[in-house]
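**Q** A predicted structure for the sequence below; I have some questions about it.
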Amino acid sequence: MHFSYLRSMMMPKAYWLTFLCLFALQMSFAQNPDSSGLVKYTPAYTFKNGIYLSYQDFKNNEPLPFSSTDLPSPSDVKPEKALDLAIRISYYNKYGMRQVISPKNLWGFCYNDKIYVQWSGGFHMVPYIGNISHFVAKVQVRYSNRADPFYDPYYVYSGPSSYVATETKQMLLNTGTGEIFEFTPERVLALIKDAPELYEAFSELNRRKQRKMKFYYIRLYNEKKDIYFPAD
């Protein structure tokens with residue numbers, strides 16, 4: 001009778017101990033799902049400051065520190081301005097060898113936990129990181145001033161042959177591959193193809209509704225598809 005009572009008293013404790021162990025194990029897998037040192041990205045994740053020589057530097061969260069380059073300190077000159085003014089960047093690689101690279105050949109940089117990608121000769125901030133990330137780019141586009149000879153063959157234009165205008169473009173970053181695309185319904189359809197339900201629903205919309213709802217479908221896709229980065 002005495003031993004039976006003790007056994008009954010110990011069972012709840014053993015149950016809760018097992019539950020807590022299983023819960024801790026589950027949380028461990030949630031933070032490190034494939035035991036490779038990766039964690040699911042959330043806005044609390046910290047990106048390291050520095051320049052990305054390649055997309056892999058971004059994906060591995062291993063930028064080249066600004067202090068390893070001849071760029072001015074970010075506290076003195078904002079990186080986007082320093083990179084815009086720089087013709088070339090001198091830096092020391094992990095083997096201590098001096099290297100030189102053009103800013104146009106960088107993949108991007110990070111400063112104060114903000115990611116900037118290089119596209120069309122400029123650096124553009126990506127305000128939100130997801131499997132598919134959206135950003136706005138201001139780019140310079142050159143237009144011809146030459147008259148169409150089929151429209152007016154007798155018109156003679158004596159001014160500049162072309163002019164440059166600044167345009168704003170909506171862009172998409174495939175965070176899983178580093179590829180950058182213009183934000184079009186066709187591109188959205190291609191990027192969400194591995195989410196069959198979303199792909200089918202979006203493809204059934206007419207062109208006008210696709211343009212109107214493309215941001216919504218990108219958000220739905222990012223909610224379904226997590227992205228992972230190395231643990232801090």
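**A** Okay, I see it.

**Q** per-residue pLDDT of the residue nearest the centre of the chain, please?
**A** Compute the mean C-alpha point of the chain, and by CA atoms, centre = their mean the closest residue is residue 175, 4.5 Å away. Confidence at residue 175, expressed as pLDDT, is 96.

**Q** check the nearest residue to residue 102 once chain neighbours are set aside and give its pLDDT.
**A** What sits nearest to residue 102 in space, not counting adjacent residues and going by CB to CB, 6 or more residues apart in numbering, is residue 88, at 5.6 Å. No exception for glycine: its C-beta is placed from N, CA and C like everyone else's. Looking at residue 88, its pLDDT stands at 95.

**Q** enumerate every residue touching the residue nearest to the centre of the chain.
**A** Contacts for residue 175 were tallied using CB atoms under 8 Å, 6 or more residues apart in numbering; they are 129, 130, 131, 132, 133, 227.

**Q** mind putting those into JSON lines with neighbour count, distance to residue 201 and secondary structure?
**A** Shown next, in JSON lines, are the contacts of residue 175 (neighbours: other CB atoms under 10 Å; distance: CB to CB, whole Å; DSSP: H, G, I helix; E, B strand; the rest coil):
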{"residue": "129", "neighbour count": "18", "distance to residue 201": "24", "secondary structure": "coil"}
{"residue": "130", "neighbour count": "18", "distance to residue 201": "19", "secondary structure": "coil"}
{"residue": "131", "neighbour count": "21", "distance to residue 201": "18", "secondary structure": "coil"}
{"residue": "132", "neighbour count": "24", "distance to residue 201": "16", "secondary structure": "strand"}
{"residue": "133", "neighbour count": "20", "distance to residue 201": "22", "secondary structure": "strand"}
{"residue": "227", "neighbour count": "17", "distance to residue 201": "22", "secondary structure": "coil"}
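
**Q** residue 120: which of the residues you listed is nearest?
**A** Using CB to CB, residue 133 comes nearest to residue 120 of the contacts of residue 175, at 16.5 Å.

**Q** I'd guessed that closest one sits against residue 173; true?
**A** Yes. Using CB atoms under 8 Å, residue 133 is in contact with residue 173, at 4.2 Å.

**Q** need the contact list for the residue nearest to residue 102.
**A** By CB under 8 Å, 6+ apart, the contact set of residue 88 is 100, 101, 102, 103.

**Q** ok, now how distant is it from residue 71?
**A** Residue 88 sits 11 Å away from residue 71, taking CB to CB, to the nearest Å as the criterion.

**Q** in stretch 189-202, what counts as buried?
**A** Within stretch 189-202, the residues scored as buried using 16 or more other CB atoms under 10 Å are 189, 191, 192, 195, 198, 199, 202.

**Q** now do the fourth one against residue 206, distance only.
**A** Read that as residue 195. Residue 195 is 20 Å from residue 206, where distance means CB to CB.

**Q** could you do the third one as well?
**A** In this structure, residue 192 and residue 206 are 17 Å apart, going by CB to CB.

**Q** circling back to that earlier point, list only buried entries from the contacts of residue 88.
**A** Judged by 16+ other CB under 10 Å, buried ones among the contacts of residue 88: 101, 103.

**Q** cool, thanks, signing off.
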